[in-house]
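*Asks:* Let's see this in three dimensions:
(2 chains)
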Amino acid sequence: MSITIKDVEHVANLARLELSEAEKEQFAGQLNAILKYAEKLNELDTDGIEPTSHVLPLANVMREDAVKPSWPIEKVLLNAPEEEDGQFKVPAVLE
Amino acid sequence: MSVFDLRLSEIHNRLTHKQLSVTELVEQSIKRISDTDEKIGAFLALNEEGARKEAKALDAQMASGGERGLLFGVPAGIKDNIVTEGLRTTCGSKFLKNHDPIYDAAVVTKLRAAQSVTIGKLNMDEFAMGGSNENSAFRAVRNPWDLERVPGGSSGGSAAAVAAGQVYFTLGSDTGGSIRQPAAYCGVVGLKPTYGLVSRFGLVAFASSLDQIGPITKNVEDSAYVLQAIAGHDERDSTSANVEIPDYLSALTGDVKGLRIGVPKEYLGQGIDPQVKERVLEALKVFESMGAVWEEVSLPHTDYAVATYYLLASSEASSNLARFDGVRYGVRAENPTNLLDLYRRSRSEGFGPEVKRRIMLGTYALSSGYYDAYYKKAQQVRTLIKQDFDQVFEKFDLIIGPTAPTPAFKLGEQVGDPLTMYLNDICTIPVSLAGVPAISIPCGTAEGLPVGLQIIGKPFDESTVLRAAHAFESQTGFHDLRPALS
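*Replies:* Alright, predicted model coming up:
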């Protein structure tokens, strides 16, 4: 299997990245090399092997549903690129 | 002996006997940085004013007596992916070039309680993705042992700062070797604790199932001090382990008699520099002379670890880095035509090539139709890799091998060839996937460059790792070697 420029464009769209033509070329080549290397995992028979998502023997960590203080809005907005009336501002979502 | 060679315990001694003040320590650290950092580039932000103020307060506390914190008055540096309230935190990325966090990471709160003094924030590969520090959006860090060489990464600034005597200890983060490999390249001590031992709250996430914060120091005793200060359960990190924290300093007995060491043949095989192999074999002789026994063992799935890691870590990264969208913090592209355009251009302008590459790889591996073939397959192989370690640890107390296959390479040597760069982590990545603790300590040099010895332990058995590392260091003194950097 080989990654085409079209695949790169599809994945870039999923990842919300805008790539230049040069980047698309470069990533197609590099991703092909990395995925080709990753194909060596297929040498292993993993039928019936449980996947490990992380190593600790933890499942759901629960706590009481208690109300706790959260950050004041002024503080949360300190790093916002754009704000208005105590809210994050973005371009219009609906036309 | 320079003041930079003092151990933390010696600093405390001098403070107690009024031979030294915290202000003097902090001023010396600031001066050393201003003398050397133009060449090295370890620091991205300095906290001079804050550090001086804290030093003054600590000196006042000293004069009035009372209990002192475990790291009282010790100048420290913090990797720039660990958030510090009001102190610029960029993760080495243009995306966060103006970011001033509104809270402290759990480890920063712990350091505050232990009363160390934060001197500044340390350079790193962007979002901790890289093994050479050349992926920093601001400048490449240089290795104090040879300015033409890389310090390793991604905690390259953290390792170089300690090697150059700029601060006494630093915190780094390790996802696939990012504490241990730069520690090896820079001739210092780097400890990656067991996954879950140190809270990740406030560590900007790269690969959540692998990321772990740990200390970089000049010697093993200092490493035990810092670990003692930062380990412990934190309910704000749902993967924080609720285990009792032992007294790590009391583990440093110097006694390794009867300790059983497994040496994986895969870690000394193809691709390992002959001089690195030689240093490791010499180190094993030292352990033998102290009464430990070693035997060759096998971690049969080692060869699959790098592929497994890059699929899993990149997948997790693609998900974690979705938060950088130009809305709540970070840079925003100018004049976006709509929301989608804002996301796309902010991310594309803010992220460097390695970060984009890993987001692309991870998004691909998680995308519809490929999930089972790549992501799930890699998670299954991770199980096999973990079982390799479980099996060896049934018979052995520790696993020892090199930290990195070669000493530090030259800047620019591996740029443009991501796969070769990834293979530098061949000895550290399996350990990260298994989640077990490991330390890198200096074990001599090759062509004048430091070589790191990796000592790997059972889950939550940092005590045995530190005990063996400390015994080795007491016997050899390689940790006292310093770069000629003046």
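
*Asks:* per-residue confidence at B:Ser486?
*Replies:* The model reports B:Ser486 with a pLDDT of 54.

*Asks:* In the chain, which residue is most central in space?
*Replies:* Using chain A. For chain A, the residue nearest the mean C-alpha position is A:Ala15 (6.7 Å; CA atoms, centre = their mean).

*Asks:* Not quite, go with chain B.
*Replies:* Note: chain B centre (CA atoms, centre = their mean) maps to B:Ile179, 2.1 Å.

*Asks:* Enumerate every residue touching it.
*Replies:* For B:Ile179, the contact set (CB atoms under 8 Å, 6 or more residues apart in numbering or on different chains) comprises B:Ser155, B:Ser158, B:Ala159, B:Gly172, B:Ser173, B:Gly190, B:Leu191, B:Lys192, B:Gly214, B:Ile216, B:Ser440. Where C-beta positions appear, they are placed from N, C-alpha and C, glycine not excepted.

*Asks:* quick one: which two of those residues are the most distant?
*Replies:* B:Ser173 and B:Ser440 (14.5 Å; CB to CB).

*Asks:* So between these two, which is more surrounded?
*Replies:* B:Ser440 (36 against 28; other CB atoms under 10 Å in any protein chain shown).

*Asks:* quick one: secondary structure of the nearest residue to A:Pro51 once chain neighbours are set aside?
*Replies:* With sequence-adjacent residues excluded and distances taken as CB to CB, 6 or more residues apart in numbering or on different chains, A:Pro51 is closest to B:Gln379, at 3.3 Å. Following DSSP: H, G, I helix; E, B strand; the rest coil, we place B:Gln379 in the helix state.

*Asks:* Please confirm that A:Lys68 is located within a strand.
*Replies:* No - A:Lys68 is assigned coil when assessed by three-state DSSP, not a strand.

*Asks:* Ramachandran coordinates for it?
*Replies:* phi -120, psi 150 (degrees, to the nearest 10).

*Asks:* Local confidence estimate at it?
*Replies:* 90.

*Asks:* Pretty sure B:Arg328 is one of the things A:Glu82 touches, is it not?
*Replies:* No - using CB atoms under 8 Å, A:Glu82 is not in contact with B:Arg328, being 10.4 Å away.

*Asks:* ok, B:Val74 - contacts?
*Replies:* With CB under 8 Å, 6+ apart, B:Val74 has these contacts: B:Leu8, B:Ile11, B:Leu25, B:Ser116, B:Val117, B:Tyr168, B:Phe169.

*Asks:* mind showing which ranges of chain B have poor pLDDT?
*Replies:* For chain B, residues meeting the criterion pLDDT under 70 lie at B:1, B:486.

*Asks:* Name all residues that sit in contact with A:Glu82 and B:Arg328 at the same time.
*Replies:* A:Phe88.

*Asks:* re earlier: show me the contacts for the residue nearest to the centre of chain A.
*Replies:* B:Ser318, B:Arg347, B:Ile359, B:Met360, B:Thr363.

*Asks:* Of these, which is the most crowded?
*Replies:* In the contacts of A:Ala15, the most neighbours by other CB under 10 Å go to B:Ile359, 29 neighbours.

*Asks:* would that one count as being in a strand?
*Replies:* No - judged by three-state DSSP, B:Ile359 forms no part of a strand; its state is helix.

*Asks:* residues contacting it?
*Replies:* A:Ala15, A:Leu17, B:Ser314, B:Ala317, B:Ser318, B:Leu321, B:Phe351.

*Asks:* Sort out which of those residues are in strands and list them.
*Replies:* Of those, none are assigned to strands by DSSP state E.

*Asks:* Just put those residues in TSV and tack on distance to B:Lys121.
*Replies:* TSV is the format used below for those (distance: CB to CB, whole Å):
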residue	distance to B:Lys121
A:Ala15	28
A:Leu17	27
B:Ser314	25
B:Ala317	21
B:Ser318	26
B:Leu321	20
B:Phe351	20
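
*Asks:* now, which of those residues sits nearest B:Ala241?
*Replies:* Distances from B:Ala241 to these, taken by CB to CB, are shortest for B:Ala317, at 23.0 Å.

*Asks:* does B:Phe206 really touch B:Asp125, like I thought?
*Replies:* No - no contact is recorded between B:Phe206 and B:Asp125 when judged using CB under 8 Å, the distance being 9.9 Å.

*Asks:* Who has more neighbours out of these two?
*Replies:* More crowded of B:Phe206 and B:Asp125, by other CB under 10 Å: B:Asp125, with 32 against 26.

*Asks:* Quick check: that one touching B:Glu134?
*Replies:* Yes - counting by CB under 8 Å, B:Asp125 touches B:Glu134, with 7.4 Å between them.

*Asks:* what touches both of these two?
*Replies:* Joint contacts of B:Asp125 and B:Glu134 (CB under 8 Å, 6+ apart) are B:Gly153.

*Asks:* who's in contact with the nearest residue to A:Ile49 once chain neighbours are set aside?
*Replies:* Spatially, and ignoring its direct neighbours in sequence, A:Ile49 is nearest to B:Gln380 (4.3 Å; CB to CB, 6+ apart). For B:Gln380, the contact set (CB under 8 Å, 6+ apart) comprises A:Thr46, A:Ile49, A:Glu50, A:Pro51, A:Thr52.

*Asks:* try B:Arg149
*Replies:* Taking CB under 8 Å, 6+ apart, we find B:Arg149 in contact with B:Arg142, B:Asn143, B:Tyr185, B:Ala408, B:Phe409, B:Lys410, B:Leu411, B:Leu449.

*Asks:* repeat for B:Glu221
*Replies:* B:Glu221 neighbours (CB under 8 Å, 6+ apart): B:Arg7, B:Leu8, B:Ser9, B:Leu249, B:Leu252, B:His470.

*Asks:* what about the fourth one, how many residues close to it?
*Replies:* Other residues within reach of B:Leu249, judged by other CB under 10 Å, total 16.

*Asks:* now the fifth one
*Replies:* The local packing of B:Leu252 (other CB under 10 Å) involves 20 other residues.

*Asks:* Return the backbone torsion pair for it.
*Replies:* Taking degrees, to the nearest 10 as the convention, B:Leu252 sits at phi -80, psi 70.

*Asks:* On the three-state scheme, B:Leu453 is what?
*Replies:* B:Leu453 ends up strand, using three-state DSSP.

*Asks:* cool, and the one 3 residues further on?
*Replies:* Using three-state DSSP, the three-state assignment for B:Ile456 comes out as strand.

*Asks:* ok, what's across the strand from it?
*Replies:* Applying DSSP bridges to B:Ile456 yields these beta-bridge partners: B:Ile399, B:Ala438.
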